[in-house]
Structures are given as C-alpha cells and as structure tokens.
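*Asks:* Show me the folded form of this:
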Amino acid sequence: MQHAIQQIVDGFAAGSIYGALALALVLVYRATGMINFAQGLLAVASTYIAWSVWRAGSPLIAAVVLAVAAALVLGAFTERVVIRRFEGGPPHTAVVATIALLILINGLTGSIWGYVSQPFPSLFPSGTVTVGGVVLAIPSLATTGVLIVVVVLLQLLFLRTRLGLALRAVADNADSSALSGLNVGRLLMVGWALAAALGALAGVLIAPKVYLDPTMMDTILVYALAAAVLGGLDSPLGAVVAAWIIGVTENLAGTYIPYVRDDLKIGVPLVAMFVILLTRPQGLFGRRKAARV
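*Replies:* Numbers count the residues shown, from 1 in each chain. Next comes the predicted model:
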C-alpha cells in the first residue's frame, strides 16, 4: 500500500509539470479561441532567456522576472506579426501557422543556444520531506502550490475583471465584440502576451526537472494538450485536475501493468484524450456551447 501511495504522489508531481503548460494552452484558448501548438517552444525560448541572464551573473529570481517580461513582448509580437495575418480566416489555417511557428522557434533556439542539454537551477530549495513513509520532494510541492495560485488568479481574471470578461467575449464572438466597441486586435494581442508569460513561468518550473534544450517541451506538450482537452479547454481548474489525473494514471499504469512500463506510458494521455473527445467533447470541466438556430 505504501508503494502505491508513493506512486500516486509521484504521479501528482509529474501532473504538476504537465499542468503548468496546460494552463498556458487554456489561457490562449480562452482568450483567443484557438489552440497554440507553438506554446511549448515559446516557453522554451523564454526559459533560455532566463538561463542566459542567470549565467551572466544576475540573481535567478531577477532572471525569471526578466524572462516573463520578455515573454509578454514575444507573445504580443507573435500575435501582431504572425497570427494576425490568419485571424478571421478558416480556423485550421491559424492552427497550421502555429505548427509552422513551432518549427521556426525550434530552429532559432537551436541556432542561438545549441542543442546540448543544460542544467537549469530550481527556484525552490532541494530536499524531501517524509510523511507517513511517503517521500515528498520540496520542489514538487512548491510547483503544485504555484499552480494552485495561478489557477485562482486566472479564475479571478476571467470572472471578476473587465479585461477577463472582454477576452472571453472576443474568444466567443469577435465580430459581436467589435460591434460592441471592444478593440478586438488589441485584446487578442493581450491574450497571446499573457499566455506567453504563463508559458515562461511553466518553462522555468519544468526546466530543472528535465534539463534545458530546444526539445524540452516536445513530450510535455502532448501531455499538456491531453490535460487541456480532458479538463476542458475553457477551464484552468479542469486543466490542472486533468493533468494530475493523467500523471497519477500513467504512473500507476507504468508500475502495475506489465505491457505499459515506461515506453508506452505516453499512450495513457492519448487514450484519455480520444475517449473524452468521443464521449464529452467539452471536457470534464468544460462548458457545453449552445448554438442558435
């Protein structure tokens, strides 16, 4: 029993990693109505900025703050220069553009910083605590705490602020929002900027666990996308809960199901995403959209 509890705890730790990027995916979807497949690489680029500033001698927290600020600019620039060219057209065209952006940023980060994995310092002290025979890593606990705080802040943003309500309105119906006097272009740019900043935070939380390189987010993006779909693309809380479910499920499956193990663990989120899309397309916590006829 103690071994099973340890696997569940470790699954929560892994799920917190997936949830960090899933939150950024949900934010850009909730603010703009589209899925950004380049979100992981935007996070990687921002994390490299933090790493470069830290290597230059700045305190780690200052490097992270600068990286988040740079991500705000990078996200706004990306929306304004690249994505805006495809807004208003077929939705799949913009999605393909984000995939092209993913490939472009991957090449740029590799050209600038190389493809050798680099260690990235943790924002939190190392060490573990033991509760009832179960070992809890302090960085994992801190990451989980940060995720909970971010979820609360996002809920407050979208439900209690004029900016959040405006972002939701634009994502639901850009044409009606424009007729209501909202500056749709500016709001879409703000949505991308906020998502990029959240992605930067996810990057600096994830990098100490997986090492920093241009492909750092490739596998995590699969898990994060599965968590966003499973929890509901319009629900920050759902994305985090779903990420924890995926983390625990894959850990238990890899431990107790002989044919899964480590090599096939990535199939767990893919199967979960497939089942949810068939049975409940809006996700576990998502809102069913009503269409006027």
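*Asks:* Go through stretch 111-125 and flag the buried ones.
*Replies:* 113, 120, 122, 123, 124 (16 or more other Cβ atoms under 10 Å). For glycine as for every other residue, the C-beta is placed from the backbone atoms N, C-alpha and C.
*Asks:* Could you do stretch 71-91 as well?
*Replies:* 71, 72, 74, 75, 76, 78, 79, 80, 82, 83, 86, 87.
*Asks:* As TSV, those residues with secondary structure, distance to residue 57 and pLDDT would be great.
*Replies:* Converted to TSV, the buried residues of stretch 71-91 look like this (DSSP: H, G, I helix; E, B strand; the rest coil; distance: Cβ to Cβ, whole Å; pLDDT from 0 to 100):
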residue	secondary structure	distance to residue 57	pLDDT
71	helix	21	94
72	helix	24	94
74	helix	23	93
75	helix	27	92
76	helix	28	92
78	helix	29	91
79	helix	33	89
80	helix	33	89
82	coil	33	86
83	helix	35	85
86	coil	41	79
87	coil	41	71
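*Asks:* Can I get those residues in CSV including distance to residue 49?
*Replies:* Shown next, in CSV, are the buried residues of stretch 71-91 (distance: Cβ to Cβ, whole Å):
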residue, distance to residue 49
71, 8
72, 12
74, 9
75, 13
76, 15
78, 15
79, 19
80, 19
82, 19
83, 21
86, 26
87, 27
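*Asks:* Dump the C-alpha coordinates for the strand or helix carrying residue 94 into CSV.
*Replies:* Take DSSP states H and E as the rule and residue 94 turns out to sit in helix 91-113. Output of helix 91-113 as CSV, limited to C-alpha atoms (Å, rounded to 0.1, in the frame of the first residue of the first chain):
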residue,chain,number,x,y,z
PRO,A,91,-9.7,28.3,-38.0
HIS,A,92,-7.4,25.4,-39.2
THR,A,93,-5.2,27.9,-41.1
ALA,A,94,-4.2,29.7,-37.9
VAL,A,95,-3.6,26.3,-36.2
VAL,A,96,-1.3,25.3,-39.1
ALA,A,97,0.5,28.6,-38.7
THR,A,98,1.2,27.8,-35.0
ILE,A,99,2.7,24.5,-36.1
ALA,A,100,5.0,26.3,-38.5
LEU,A,101,5.9,28.7,-35.8
LEU,A,102,6.8,25.8,-33.6
ILE,A,103,9.3,24.5,-36.2
LEU,A,104,10.7,28.0,-36.7
ILE,A,105,11.3,28.7,-33.0
ASN,A,106,12.8,25.3,-32.5
GLY,A,107,15.4,26.0,-35.2
LEU,A,108,16.1,29.5,-33.9
THR,A,109,16.6,28.4,-30.3
GLY,A,110,18.9,25.6,-31.5
SER,A,111,20.9,28.0,-33.7
ILE,A,112,21.3,30.5,-30.9
TRP,A,113,21.8,28.3,-27.8
